[in-house]
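Trainee: here are the coordinates; sequence isn't available:
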């Protein structure tokens, strides 16, 4: 019983009924001028050209969102579109919506009115109601048991109110919902958002992970060395790396705050010296070989190359420690080749093993390149080739 009565405690049940009644206000006013059945036919014919106006989908969509779903009119969590019709298919669906709303509103209003009148007649019948009109015309005389029929009438009234509201609400997404083209556009936008979130996650992982790795290695080395001069240099390296990480963090947060901010503010391979000096300050012996015109590498490729180099050096410091590292960056034949090699060690990889390497492969794949990571001739190598045209 409580479940059956629950819809009547929700405001949306009554706003749905109001939505249907609004659809028949102007045809009902016309009935006061010309009481004829064909006025409804004319009203339906008038709605056809009205529905072809592109802005009508916005008007009807806003009403439907507000009155049918129980959400705010500007809510995005609904299948009802509020954008103007973009195609003739959209206009046709709006016309069908207007006609269906008029028809269902007319049927619902008549049923509600008749059921209310019938309930009143039956309730007053034992006390001498007028038997010449309404439902009493079908009954013989005035009897006490007529009052018992009030309950079925009220049940029918409740079913009409709730059922018509559910019907018009189920119809709204089909006729006012997005077209296949709009669904595809929304899916593409969602995909772009997910890709952007993945890229930002990689940015944070590479930048902050590198800074923390350098800080941990430097602090551990300073404690083991017990040399004040070395400790001073280690603290300086930690400070410099931390400052660079804060700049990267502010840059990434700026992208989150300002979606239109250009990506050109991100570091490129021209800033690779900062990474190499940071690795050297952490104890790694870095041997660098850079050939070719780095300034000719496109911005996106250079920025991703910087992050790949950063993650590669971070992995060396995290998993191998202060070991010799060979870095080769070459630009030739329209391709950027980036290779980082270090001797394999028996050390156990720390937490998060594999996430950085996966990020390297994802960055390369997004640019149409390829990445190979793993043991090679006694070394651990990261070999990445990216198109540089």
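Mentor: Good, I have the coordinates. Since the structure is predicted, the reported quantities are computational estimates derived from the model, not experimental observations.

Trainee: May I ask which helix or strand encompasses residue 82?
Mentor: Residue 82 belongs to no helix or strand when assigned by DSSP states H and E.

Trainee: In contact with the closest residue to it other than its chain neighbours, which residues?
Mentor: Distances taken as Cβ to Cβ, 6 or more residues apart in numbering put residue 61 closest to residue 82, at 3.9 Å, once the chain neighbours are dropped. C-beta here means a position set from N, CA and C on the backbone, and glycine is covered the same way. By Cβ atoms under 8 Å, 6 or more residues apart in numbering, the contact set of residue 61 is 80-83, 176.

Trainee: Now with 7 Å, please.
Mentor: Residues near residue 61 by Cβ atoms under 7 Å, 6 or more residues apart in numbering: 80-82, 176.

Trainee: where's the residue positioned nearest the centre of the chain relative to residue 362, distance?
Mentor: Residue closest to the mean C-alpha point of the chain, counted by Cα atoms, centre = their mean, is residue 190 at 5.5 Å. Going from residue 190 to residue 362 by Cβ to Cβ, to the nearest Å gives 18 Å.

Trainee: now do residue 331
Mentor: Residue 331 sits 22 Å away from residue 362, going by Cβ to Cβ.

Trainee: The two: who's more crowded?
Mentor: In this view residue 331 and residue 362 are compared by other Cβ atoms under 10 Å, and residue 331 has more residues nearby, 23 against 16.

Trainee: Would it be right to say that that one lies in a strand?
Mentor: Yes - applying DSSP: H, G, I helix; E, B strand; the rest coil, one finds residue 331 inside a strand.

Trainee: Can you pull the poorly scored residue ranges out of the stretch 251-389 of the chain?
Mentor: By pLDDT under 70, the low-scoring segments of the stretch 251-389 of the chain are 251-265, 346-355.

Trainee: again, only this time at 90
Mentor: Counting by pLDDT under 90, the stretch 251-389 of the chain has low-confidence residues at 251-286, 291-308, 310-323, 332-334, 343-369, 373-380, 387-389.

Trainee: Just give the nearest non-adjacent residue to residue 27, would you?
Mentor: residue 43 (4.0 Å).

Trainee: got a list of contacts for the helix or strand where the one you found lies?
Mentor: Assigned by DSSP H and E, residue 43 belongs to helix 38-51. Outside helix 38-51, the residues within contact range by Cβ under 7 Å, 6+ apart are 27, 30-31, 56, 91, 94-95, 98-99, 102, 106.

Trainee: Highest neighbour count among these?
Mentor: Neighbour counts for the contacts of helix 38-51, by other Cβ under 10 Å, peak at residue 94, which reaches 27 neighbours.

Trainee: Which neighbouring elements make contact with the helix or strand containing that one?
Mentor: Using DSSP H and E, residue 94 sits in helix 88-124. Packing partners of helix 88-124 (3 or more Cβ pairs under 7 Å, 6 or more residues apart in numbering; DSSP states H and E): helix 11-23, helix 38-51, helix 55-67, helix 150-176.

Trainee: and with 8 Å instead?
Mentor: For helix 88-124, the elements it packs on are helix 11-23, helix 25-33, helix 38-51, helix 55-67, helix 150-176, judged by 3 or more Cβ pairs under 8 Å, 6 or more residues apart in numbering; DSSP states H and E.

Trainee: what pLDDT, on average, does the shortest one get?
Mentor: For helix 25-33, mean pLDDT rounds to 70.

Trainee: now swap in stretch 190-210 and tell me
Mentor: pLDDT averaged over stretch 190-210 gives 69.

Trainee: Quick one: residues in contact with stretch 233-251.
Mentor: Contacts of stretch 233-251 (Cβ under 8 Å, 6+ apart): 203-204, 207-208, 210-212, 214-215, 218-219, 221-222, 265-267, 274, 278, 281-282.

Trainee: and the gap between residue 316 and residue 341?
Mentor: In this view, residue 316 and residue 341 are 9 Å apart by Cβ to Cβ.

Trainee: actually residue 240, sorry about that
Mentor: Look at residue 240 and residue 341: by Cβ to Cβ, they are 25 Å apart.

Trainee: who has more neighbours, those two?
Mentor: Between residue 240 and residue 341, residue 341 has the larger neighbour count (other Cβ under 10 Å), namely 20 against 16.

Trainee: how about the more buried one, what does it touch?
Mentor: Contact analysis of residue 341 by Cβ under 8 Å, 6+ apart lists 325-326, 376, 379-382.

Trainee: element containing the residue nearest to the centre of the chain?
Mentor: helix 180-225.

Trainee: Next SSE downstream of that helix?
Mentor: helix 228-257.

Trainee: Check the offset of that next one from the chain's centre.
Mentor: 33 Å (Cα atoms, centre = their mean, to the nearest Å).

Trainee: Same check on stretch 363-373?
Mentor: Taking Cα atoms, centre = their mean, one finds the center of stretch 363-373 at 27 Å from the center of the full chain.

Trainee: repeat for stretch 287-303
Mentor: Mean-position distance between stretch 287-303 and its chain equals 36 Å (Cα atoms, centre = their mean).

Trainee: gap between the two ends of it?
Mentor: 21 Å (Cα to Cα, to the nearest Å).
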